[in-house]
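> Got a predicted structure plus its sequence, pasted below:
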Amino acid sequence: PPSPRANRSFLPRLRQVSQSSSRRLLSPPPGWPCGSGRGCRAGSGAPGGSAPGVRAPAAALPEEGRMDLNPSFLGIALRSLLAIDLWLSKKLGVCAGERSSWGSARPLMKLLEISGHGIPWLLGTLYCLLRSDSWAGREVLTNLLFALLLDLLLVALIKGLVRRRRPAHNQMDMFVTLSVDKYSFPSGHATRAALVSRFILNHLVLAIPLRVLVVLWAFIVGFSRVMLGRHNVTDVAFGFFLGYAQYSIVDYCWLSPHNARVLFLLWNQQ
C-alpha cells in the first residue's frame, strides 16, 4: 500500500486539477460579452466581465434592426386597401359567369364592352374623317383620333409596367384582346369612356338629355368592367382619372390648321 507521505503529496495536486476544471466549465467562452462589474478572468475572451457562472445579458439590437422588423404604417394601409379592393371587386362581379347571380345580364354587359372598345372607336373615327368635307369637322375628328391613339399608348405602357393580373373570377372571353390586355391595371375601357365623354361634351352641341346620357354611358361602361369580372374597382377608378387627365393633354396639344398645316393639307388633297 502507498505510504501516508505519498497520499499527502497527491491530495494538493488533485485539488488543483479540480479547481482548474471548474474554472474552465464556469468561465464564458471566447467572445462572450461580459457586461459591467468585475473584470473577466484572463483567457475568458473579453475584459471587464461578470463573475464566473453568471450569464451576461444579450446585446440589444440596433435601432435600425428594430425598425426593419416592424412593418410600416404605409405598408399596412396599402395591404388593407388591396384586400378591400379584391373583396369588393369579387362581390360586385355579379355577371362574371353564366351561373352568377346576375348571369342573365351578361350579354348586355358584353354589348357595353364592345361600345367602349378601342377598335370600333378608331375605325369609326377614321371613317368619319375620310367622309368629312368641312374643315371644322376634320379638325375635331383629327384631334379625336389623336386622343384615341394617345389613350392606347398610355394604357399599354402602364399595363406593361404594372402587370397586375386580372381578377381570378374573370372569364377570358373578351372582345379582341392584344398582348397587354391580359393585364388589369388600368381599365382601358374606363379611360376611353372618360376621355371620349369629356371630348364629346366639350366639342359637340348636345341637348341636356343627350349630355346626361353620355355621362351615364361612361359610368356604366366602367362599372360593367367590374360586374363582368374583367377589372378590380381600383382599375376602373384610376382609369376614369387617367381618361379625364388625357383630355387635358389633348386640349393643350390641340391640332388645328394653324399649328398642323401639313396634316390638314394632306386631308384636303384627299
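The structure has been received and is ready for your questions. Numbers count the residues shown, from 1 in each chain.
> Report all helices and strands that the helix or strand hosting Lys91 contacts.
When elements are assigned from DSSP states H and E, Lys91 belongs to helix 73-92. With contacts defined as 3 or more CB pairs under 8 Å, 6 or more residues apart in numbering; DSSP states H and E, helix 73-92 has these neighbours: helix 208-227, helix 233-252. (C-beta placed from N, C-alpha, C; glycine too.)
> which one of those helices lies closest to Val140?
helix 233-252 (11.2 Å; CB to CB).
> Pull the distance from that closest one to the chain's centre.
Distance of helix 233-252 from its chain centroid, counting by CA atoms, centre = their mean, to the nearest Å, is 17 Å.
> That helix: which residues count as buried?
For helix 233-252, a neighbour-count test (16 or more other CB atoms under 10 Å) marks 233-240, 242-243, 246-247, 250 as buried.
> residue boundaries of the helices in the chain?
With DSSP state H as the criterion, the chain has helices at 4-26, 63-69, 73-92, 106-115, 118-131, 135-162, 188-203, 208-227, 233-252, 261-269.
> could you dump stretch 219-229 to CSV, C-alpha only?
Extracted as CSV, the C-alpha positions of stretch 219-229 are listed here (Å, rounded to 0.1, in the frame of the first residue of the first chain):
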residue,chain,number,x,y,z
PHE,A,219,-70.0,55.4,-65.9
ILE,A,220,-72.0,52.3,-66.9
VAL,A,221,-69.2,51.2,-69.2
GLY,A,222,-66.7,51.5,-66.3
PHE,A,223,-69.0,49.7,-63.8
SER,A,224,-69.7,46.9,-66.3
ARG,A,225,-66.0,46.1,-66.2
VAL,A,226,-66.3,45.2,-62.5
MET,A,227,-69.6,43.4,-63.0
LEU,A,228,-68.1,41.2,-65.7
GLY,A,229,-65.1,40.4,-63.5
